[in-house]
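Student: This is a predicted model, with the sequence first.
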Amino acid sequence: MWAAVATLVLIVAGIFATLVLSGRVSLAPDVAPEPTPTATIEPVIDTAYDVLVLNATPEAGLATQVKDVLVEAGWSADQVNASEAGTSDFAETTVYYAFPGDEAAAAGVAELLGGARIEQSDFYQPTDDAATEDVDESESAQLTVVIGLDHTDSASEETPVP
């Protein structure tokens with residue numbers, strides 16, 4: 001009987017030792033990795049960018065208002081194209097930029113607009129025009145502002161408390 005118990009203890013100890021040595025079981029507590037600090041982007045007002053402003057709300061005239069803000073900040077009127085978007089229910093005003101190097105300029109525009117969200121996306125980036133072989137329009141410096149419902153007059157009105 002004692003021989004069977006001793007054999008069982010040795011087998012369990014051998015299995016446990018194998019698991020520890022192979023790294024499948026750890027006797028020490030796991031150390032949580034320290035989070036790496038993310039680089040903060042300093043907003044920059046860079047008027048070298050063309051800006052496309054799309055009003056994605058039902059409120060008329062917002063694209064022109066945003067264009068006026070950008071022109072007052074230093075962009076020329078021909079650098080800022082204001083238009084209506086294909087939708088009128090975009091939730092949050094967002095400044096889109098195509099390339100990582102454009103993030104600071106997008107943050108600058110977002111700051112001008114009162115803290116809009118910024119997001120990297122090439123969805124609004126111009127496509128290359130085959131008729132102009134010497135210029136690649138897809139590499140042009142453009143930011144796109146999509147005005148959301150958070151930028152409308154109704155979004156700034158407070159709901160009365162009953």
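Tutor: Structure received.
Student: quick check, Glu119 in a strand?
Tutor: Yes - if the criterion is DSSP: H, G, I helix; E, B strand; the rest coil, then Glu119 is within a strand.
Student: Just give me the residue right at the centre of the chain.
Tutor: Glu119 (3.1 Å; CA atoms, centre = their mean).
Student: now the strands for this protein?
Tutor: 50-55, 80-84, 94-97, 117-120, 142-147 (DSSP state E).
Student: picking up where we left off before, pretty sure the residue nearest to the centre of the chain contacts Glu92?
Tutor: No - Glu119 lies out of contact with Glu92 (CB atoms under 8 Å); the separation is 9.8 Å. Where you see a C-beta, it was placed from the backbone N, CA and C, and this is true even at glycine.
Student: anything in contact with each of these two?
Tutor: The contact sets of Glu119 and Glu92 do not overlap (CB atoms under 8 Å, 6 or more residues apart in numbering).
Student: quick one, longest helix in this protein?
Tutor: In the chain, taking DSSP state H as the definition, the longest helix is helix 2-22.
Student: quick check: mean pLDDT across that one?
Tutor: The average pLDDT within helix 2-22 is 84.
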